[in-house]
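Asker: fold the following and give me the result.
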Amino acid sequence: MQASSDRDVGGTSTERRVAALLEEMSLEETAAQLGSVNADKLVDENGKLDEEAVDEHLSNGIGHLTRIGGEGSLPPTEAAERTNELQAYLRNETRLGIPAIPHEECLSGYMGPEGTTFPQMIGMASTWSPELLESVTDTIRNQLEAIGTAHALSPVLDVARDLRWGRVEETFGEDPYLVAAMACGYVNGLQWNGDGVTATLKHFVGHSAGEGGKNRSSVDLGRRELRETHMFPFEAAIRTADAESVMNAYHDVDGIPCASDEWLLTDVLRGEWGFDGTVVSDYYSVEFLRSEHGIAADEREAGVAALEAGVDVELPYTDCYGDHLVDAVEAGELAEETVTEAARRVLTA
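Answerer: Predicted coordinates:
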């Protein structure tokens, strides 16, 4: 996380540090900041680090560490120890010493051993109290920080209008204004005026409006309904609560997968709303551009499409970024500046 003194001067110090790093980084090191690695790859069956795997996955640095505590099924003390060991490796054993961003799931509390579980968000929305939810996420933030987590994959801002959809309980309900108000409370408690844990708004956008009430099915909405109903909570949480991260949705909107939708992730999110945080992929959604949506012939093409659209970090594991992006730049299929700009946002975080 950034020191508070960096924030007090409007990020100027951080911007200088990030610019200096980017000048020094090789293309491989820059691309590595856009990738991730999950606990399953790094933590063995005894809850210890696999040193060979650590060397394999982290030697050029890494952007995100995926659910070391939650996926690793580690008690809090062990989760903190493993995270500290990984950060020490990145600090001391890589050329540039850049730490990673550890993230966890926390929809209704930290989703890992000994985490406090609160009511699902549909229940929290029934309190009509963003202030109460802010106090809940204040507790979640403390538990995440205790295990070394800097980034949370919550809250869900999907507006639930079709009760056939199987994830209604994860939402704040059917009203865009209530969703927006509760989401802002969630973000405020988690981010703690910029000195806490990064909140991730998901799933951008229209995830709850799939045809037939099915999860991850195509969405067919007019631009007015898309903006006024489904985009509104995201815009509110970005403009009002300064949410620091956004996650793309799995599905397509009018035939364009959200993970490759430049209008959605760049023109609207960054251009219209002024968002300058990180866009992280829903798990495996970059690879799904190849295997589910069929708009990419291979992993490299999927990675280029997602990065050019505006997805900064591939989660939970580097399938289509990393070396694939390096190869695409060297082949003239991807501008190096696109890789550098995404890395700037990750390093700033």
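Asker: pretty sure Leu226 sits against Val205.
Answerer: Yes - under the contact definition of C-beta atoms under 8 Å, Leu226 touches Val205, with a separation of 6.9 Å. Quick note: C-beta positions are derived from backbone N, CA and C, even for glycine.
Asker: out of those two, which sits in the busier spot?
Answerer: Neighbour tally, Leu226 and Val205, criterion other C-beta atoms under 10 Å: the higher count belongs to Val205, 32 against 19.
Asker: can I assume the more buried one is in contact with Pro233?
Answerer: No - between Val205 and Pro233 there is no contact, the gap being 9.3 Å when judged by C-beta under 8 Å.
Asker: which neighbours do Leu226 and Val205 share?
Answerer: Counting by C-beta atoms under 8 Å, 6 or more residues apart in numbering, the common neighbours of Leu226 and Val205 are Val253.
Asker: report the central residue of this structure.
Answerer: Most central residue of the chain, judged by C-alpha distance to the mean C-alpha position with C-alpha atoms, centre = their mean, is Val280 at 3.6 Å.
Asker: doesn't Thr200 make contact with that one?
Answerer: Yes - Val280 sits in contact with Thr200 when judged by C-beta under 8 Å, with a separation of 6.3 Å.
Asker: which neighbours do the two share?
Answerer: Here Val280 and Thr200 have 103, 153, 245-247 as joint contacts, going by C-beta under 8 Å, 6+ apart.
Asker: pLDDT below threshold where in this structure?
Answerer: By pLDDT under 70, the weakly predicted segments of the chain are 1-11.
Asker: can you give me the strands in it?
Answerer: Taking DSSP state E as the test, the strands found in the chain are 36-38, 64-66, 101-104, 151-152, 198-204, 245-248, 252-253, 256-257, 278-280.
Asker: okay if I get the ones you listed as JSON lines plus distance to Gly222?
Answerer: As requested, the strands of the chain are arranged in JSON lines below (distance: least, C-beta to C-beta, whole Å):
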{"stretch": "strand 36-38", "distance to Gly222": "35"}
{"stretch": "strand 64-66", "distance to Gly222": "35"}
{"stretch": "strand 101-104", "distance to Gly222": "34"}
{"stretch": "strand 151-152", "distance to Gly222": "32"}
{"stretch": "strand 198-204", "distance to Gly222": "18"}
{"stretch": "strand 245-248", "distance to Gly222": "20"}
{"stretch": "strand 252-253", "distance to Gly222": "11"}
{"stretch": "strand 256-257", "distance to Gly222": "15"}
{"stretch": "strand 278-280", "distance to Gly222": "24"}
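Asker: was I right about Ala80 contacting Glu145?
Answerer: No - Ala80 is not in contact with Glu145 according to C-beta under 8 Å; the separation is 9.8 Å.
Asker: okay, the two: which has more neighbours?
Answerer: Each of Ala80 and Glu145 has its neighbours counted (other C-beta under 10 Å); Ala80 has more, 18 against 15.
Asker: list the contacts of the more buried one.
Answerer: If you count contacts by C-beta under 8 Å, 6+ apart, Ala80 has them with 146-148.
Asker: let's see it at 10 Å
Answerer: Shown here is Ala80, whose contacts under the criterion C-beta atoms under 10 Å, 6 or more residues apart in numbering are 68-69, 74, 145-149.
Asker: what does Ala343 give?
Answerer: Under the criterion of C-beta under 10 Å, 6+ apart, the neighbours of Ala343 are 18, 21-22, 25, 29-34, 63, 312-313.
Asker: same question for Leu265.
Answerer: 204-205, 246, 248, 258-259, 275, 279, 306, 308-312.
Asker: and Tyr89, by the same measure?
Answerer: Residues touching Tyr89, when contacts are defined by C-beta under 10 Å, 6+ apart, comprise 49, 51, 54-55, 58-59, 99-100.
Asker: show me which of those are buried.
Answerer: Among those, those scoring as buried are 49, 54, 58-59, 99-100 (criterion: 16 or more other C-beta atoms under 10 Å).
Asker: now the helices: where do they sit in the stretch 201-349 of the chain?
Answerer: Listed in chain order, the helices of the stretch 201-349 of the chain (DSSP state H, counting those that start in this stretch) span residues 223-225, 232-241, 262, 285-291, 299-309, 323-330, 336-348.
Asker: TSV for the ones you listed, including distance to Trp165?
Answerer: Compiled in TSV, the helices of the stretch 201-349 of the chain are given as follows (distance: least, C-beta to C-beta, whole Å):
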stretch	distance to Trp165
helix 223-225	16
helix 232-241	16
helix 262	27
helix 285-291	18
helix 299-309	25
helix 323-330	33
helix 336-348	31
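Asker: for these, which one sits closest to Thr12?
Answerer: Minimum separation from Thr12 across those (C-beta to C-beta) falls at helix 336-348, 11.8 Å.
Asker: CA-only coordinates of that closest one in CSV, if you can.
Answerer: C-alpha atoms of helix 336-348 as CSV (Å, rounded to 0.1, in the frame of the first residue of the first chain):
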residue,chain,number,x,y,z
GLU,A,336,4.2,-1.6,-25.7
GLU,A,337,2.7,1.6,-24.4
THR,A,338,-0.5,-0.3,-23.7
VAL,A,339,1.4,-2.7,-21.5
THR,A,340,3.2,0.1,-19.8
GLU,A,341,0.0,2.1,-19.1
ALA,A,342,-1.7,-0.9,-17.4
ALA,A,343,1.4,-1.5,-15.4
ARG,A,344,1.4,2.1,-14.3
ARG,A,345,-2.0,1.6,-12.7
VAL,A,346,-1.0,-1.6,-11.0
LEU,A,347,2.2,-0.1,-9.6
THR,A,348,0.3,3.0,-8.4
